[in-house]
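Student: predicted structure and sequence below. I'll ask about it afterward.
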Amino acid sequence: MSDTGLRVPDFRTALPDPAAAENVTYDPSRARLRAFSSTLETTTEYGSPAYVTVHRSRCADRTKNALDDDFDATDYGHVETAVEYARTHEMVCLDRQVGRHEALSFTCRYYVPREHGRIALAVAELFEPAAPDDEPDFVTVQVPDLDDVAIRVLPEAGVTAVLGSDYTGEAKKSFLRLFMFRAKQRGGLGLHAGSKRVRLAADDGTTETVGQLFLGLSATGKSTLTAHGMGLDPPEDAVLLQDDVCALLPDGTVAGSEGNGLYVKTIGLERAEQPAVYDAATHESAVLENVAVGPDGAVEFDSDEHTANGRAVVRREHLASADDAIDLDRLDQVFFITRNPAMPPVARLTTEEAAAAFMLGESIRTSAGDPSRAGESVRVVGTNPFIVGPAGEEGNRFRDLIADLDVDCYVLNTGHVGDPGTDVGVEDTVTILRELARDRVAWTVDDATGLTVPGEVPGLDVDAFDVADNLPDHERRLRELRAERRSHLAAYEDLDEAVQDAVY
């Protein structure tokens, strides 16, 4: 029975057996998946497939889950519609693995109509093949051609129905949403974050590692910073482990989710700025989605002809900045990425301030969510639109985990300081990250903001980013900002008062 008193059917057993059902093509090759969607494909100058979709971002306003939303017979009916469609139409089915960590690894089964094999192709490139004969932990059925858009999630059952949308991101996030939900059930916390391992040379000739996490909404610099090599030379290096979703566990490890590939934004992609990502996106193995491609197959990453949310599925093996591993052995530093002009390029946070920053999730709207509102200021708990369960509990869990693990936390402004202010360039941020990893930043308290900020960073002119000098009427604007933050946090009844009172 559901919380509404409805008798909920076992949707899993009603789905066709992929190994036996005549209407299901089970785990087809890459070539067959491309063939299924051949009428939709444009072949690029690199030999890779490119597709243009009807839906070009997630339908967040059409998404409901059975734990947090009012879920009635109509909502369960959407799931039944997906299951019945899978039983009566020609479908493709894949079994893939999300996560490798011994405490957090799941088999995921994905159904989609055969003519939309391109979505299955992307899923296959993102996630590793599952072990043979494993029963699925999570099941998603995506039916793009229905008129009404509805994404319905049954977290406890591990079932997601995606109706009316042909966006690959809905398939990917259907599994990652449940990966994060299970992490929380097991004492950890799922995070919309990139993970990175930095290896540095010690004075005694050995190397030491620093584990970093970057929390931020899509298009705020999370992928750029996670994938950046930080200008290090061997034996030192900085490698990407995960680009999008991972989970912090009570033992301090960070479990990754995507083992095969990454789903990267491509708008404005340039080799000079992101050489590793550019090379992977222009490899023949990439799968492009809503990226402009000329009649001669020329790829135009700087064009928003279809959307500013163009994407490429790239293989880890072709991304020079990515490591073979996806799990981080130990977390040392967490960075909250913002674009708030009232913030310095970096500030060090106390444990409670870090939990407040997690809850505030200050960022800007991007084309990955609602393209019509891209650029607007927004607050999203944990910069994570995929939370299942009470948001306040997430903040408390985050605070407890980083306190127990003695993790250092910072807020990074990757936009500009002041209005119009001074731009914080990628190399400025990378310099900060590198020197923080080396523990060579001298700290001081900023009178204007009350924050702990760098007094000195090797290789960076910190005075150029002074908030008081760059932000007109800074006293009033900071006062109003703190009041807004207090009001925002007060709305979370489950959030500990110590975190609510830690507004910075």
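Tutor: All right, it came through fine. As the structure is a prediction and not an experimental result, all values here were calculated from the model.
Student: any idea how this protein splits into domains?
Tutor: 12-40+60-185, 188-258+326-504 (automatic domain parsing).
Student: skipping adjacent residues, who's closest to T351 in space?
Tutor: A403 (4.9 Å; CB to CB, 6 or more residues apart in numbering). Heads up, the C-betas are built off the backbone N, CA and C, glycines and all.
Student: now F301
Tutor: L269 (4.1 Å).
Student: which ones are touching the one you found?
Tutor: Contacts for L269 (CB atoms under 8 Å, 6 or more residues apart in numbering) come out as V277, Y278, A281, F301.
Student: pLDDT value on T220, please?
Tutor: On the pLDDT scale, T220 is placed at 80.
Student: can you name the element that comes right after the helix or strand containing the residue nearest to T351?
Tutor: A403 belongs to helix 391-405 when assigned by DSSP states H and E. As assigned by DSSP H and E, the chain's next helix or strand after helix 391-405 is strand 408-413.
Student: elements contacting that following strand?
Tutor: If contacts are counted by 3 or more CB pairs under 8 Å, 6 or more residues apart in numbering; DSSP states H and E, strand 408-413 sits against strand 333-338, strand 346-349, helix 351-360, helix 426-437.
Student: is D147 in contact with L163, as I believe?
Tutor: No. D147 is not in contact with L163 according to CB atoms under 8 Å; the separation is 9.1 Å.
Student: now the helices for the stretch 101-250 of the chain?
Tutor: For the stretch 101-250 of the chain, the helices defined by DSSP state H, counting those that start in this stretch occupy 117-126, 168-185, 222-227.
Student: contacts for the last one next, please.
Tutor: Defining contact as CB under 8 Å, 6+ apart, one finds that helix 222-227 is touched by 193-196, 214-216, 240, 242-243, 262, 264-265, 273-274, 276-277, 319, 321-322, 335, 337, 412, 414, 426, 429-430, 433.
Student: can you rerun that using 7 Å?
Tutor: Helix 222-227 has contacts (CB atoms under 7 Å, 6 or more residues apart in numbering) with 194, 196, 214, 216, 240, 243, 264-265, 274, 276-277, 321, 337, 426, 429, 433.
Student: so where's the chain shaky on pLDDT?
Tutor: For the chain, applying pLDDT under 70 flags the ranges 1-9, 364-375.
Student: what about the longest strand in it?
Tutor: Ranked by residue count and defined by DSSP state E, the top strand of the chain is strand 189-201.
Student: and that strand with helix 391-405, angle?
Tutor: 30 degrees (axes from the mean of the first three to the mean of the last three CA atoms, to 10 degrees).
Student: if we can go back for a sec, how about the domains of the chain, which one is nearest V314?
Tutor: Shortest distance between V314 and the domains of the chain, using CB to CB, is found for domain 12-40+60-185: 8.1 Å.
Student: the residue nearest to V462 when sequence neighbours are not counted is in what secondary structure piece?
Tutor: Of all residues not flanking V462 in the chain, P454 sits nearest, at 5.1 Å (CB to CB, 6+ apart). Using DSSP H and E, P454 maps to strand 452-456.
Student: may I have the next helix or strand after that strand as CSV, with CA atoms only?
Tutor: Sequence-wise, the next helix or strand downstream of strand 452-456 (DSSP H and E) is helix 467-470. What follows is helix 467-470, C-alpha atoms only, in CSV (Å, rounded to 0.1, in the frame of the first residue of the first chain):
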residue,chain,number,x,y,z
VAL,A,467,34.7,43.3,-2.1
ALA,A,468,34.5,46.8,-0.5
ASP,A,469,36.5,48.3,-3.4
ASN,A,470,34.5,46.5,-6.1
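Student: in helix 467-470, what's buried?
Tutor: V467, N470 (16 or more other CB atoms under 10 Å).
Student: residues contacting stretch 77-89, please?
Tutor: 11, 14-16, 23, 111, 113, 141, 143, 150, 152, 154, 159, 161, 163.
Student: so which of those residues is surrounded by the most neighbours?
Tutor: Among those, A161 has the most neighbours (other CB atoms under 10 Å), with 28 neighbours.
Student: now it. Nearest residue, chain neighbours left out?
Tutor: A82 is the one closest to A161 (CB to CB, 6+ apart), at 3.7 Å.
Student: what comes up buried for the helix or strand where A82 lies?
Tutor: In the assignment (DSSP H and E), A82 maps to helix 73-88. Buried residues in helix 73-88, counted by 16+ other CB under 10 Å: D75, Y76, H78, V79, E80, T81, A82, V83, Y85, A86.
Student: now the first one, nearest residue through space, not along the chain?
Tutor: In space, and not counting its chain neighbours, D75 is closest to R152: 5.4 Å by CB to CB, 6+ apart.
Student: OK, contacts around that neighbour?
Tutor: R152 neighbours (CB under 7 Å, 6+ apart): K64, D75, H78, V79, A161.
Student: state the distance from the third one to P49.
Tutor: Spelled out, that is H78. 30 Å (CB to CB, to the nearest Å).
Student: the last one too?
Tutor: For A161, the distance to P49 under the criterion CB to CB works out to 26 Å.
Student: returning to what we had before: mind checking the domains of the chain for the one nearest to V293?
Tutor: Per CB to CB, nearest to V293 of those: domain 12-40+60-185, 12.5 Å.
Student: tell me the span between the first and last residue of that closest one.
Tutor: 21 Å (CA to CA, to the nearest Å).
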